[in-house]
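*Asks:* Dropping the sequence and predicted coords here.
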Amino acid sequence: MRRVAEQHLADRVRGDGPRPDAVALVRDHVAPALAAGVDSASRQADAIVAAVTARYADLVGHPDDAALRRRLLTLLETADDPRRESYFRLLSVVNGWPPPDPLTPALTWFADALRARSDR
């Protein structure tokens, strides 16, 4: 959780108020693709990868280039930890919140899609 928090804080260099983090961007963009059964290696995934990386680049104030995509992939790999999921499930119990949806399917799908495009 510490690495996730550190990465999240590093992305918040611009003080322009609340905004979604990389995990939320991926979740929001990938959920419809997962529901529709879109393969992460398909051409349909190109637009999703482009939308997420462009938005992430805008949020962190860096160009959408290979370095940014590696940074995003590292962040998502760190966030896709079963202990993170467990932490948020427990946090929801303690606070009486509804249980969170699992993020692993979306994070894995997007990481696979991003890796596939870096090989092209």
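*Replies:* Perfect, thanks for sending it.
*Asks:* From now on I want contacts and neighbour counts done on CA atoms only, so please keep to that.
*Replies:* Noted.
*Asks:* so which helix or strand takes in the residue nearest to the spatial centre of the chain?
*Replies:* Within the chain, one residue has its C-alpha closest to the average C-alpha position: by Cα atoms, centre = their mean, that is Val23, at 3.0 Å. If you go by DSSP states H and E, Val23 is part of helix 22-36.
*Asks:* other SSEs contacting that helix?
*Replies:* Other helices and strands packing on helix 22-36, by 3 or more Cα pairs under 8 Å, 6 or more residues apart in numbering; DSSP states H and E, are helix 44-60, helix 66-79, helix 104-118.
*Asks:* From the rest of the structure, what touches it?
*Replies:* By Cα atoms under 8 Å, 6 or more residues apart in numbering, the residues outside helix 22-36 that reach it are 45, 48, 51-52, 56, 72, 75-76, 79, 103, 106-107, 109-110.
*Asks:* Name the residues of it that come out as buried.
*Replies:* Neighbour-count burial for helix 22-36 flags 22-23, 25-27, 29-31, 33 (criterion: 16 or more other Cα atoms under 10 Å).
*Asks:* Quick check: mean pLDDT of that helix?
*Replies:* Helix 22-36 comes out with an average pLDDT of 95.
*Asks:* With mean neighbour count and distance to Pro98 added, can I get the helices and strands packed on helix 22-36 in TSV?
*Replies:* Below are the helices and strands packed on helix 22-36 laid out as TSV (neighbours: other Cα atoms under 10 Å; distance: least, Cα to Cα, whole Å):
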stretch	mean neighbour count	distance to Pro98
helix 44-60	17	26
helix 66-79	17	20
helix 104-118	18	18
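*Asks:* Can you lay out those as JSON lines showing mean pLDDT?
*Replies:* Listed next are these as JSON lines, based on pLDDT from 0 to 100:
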{"stretch": "helix 44-60", "mean pLDDT": "95"}
{"stretch": "helix 66-79", "mean pLDDT": "92"}
{"stretch": "helix 104-118", "mean pLDDT": "94"}
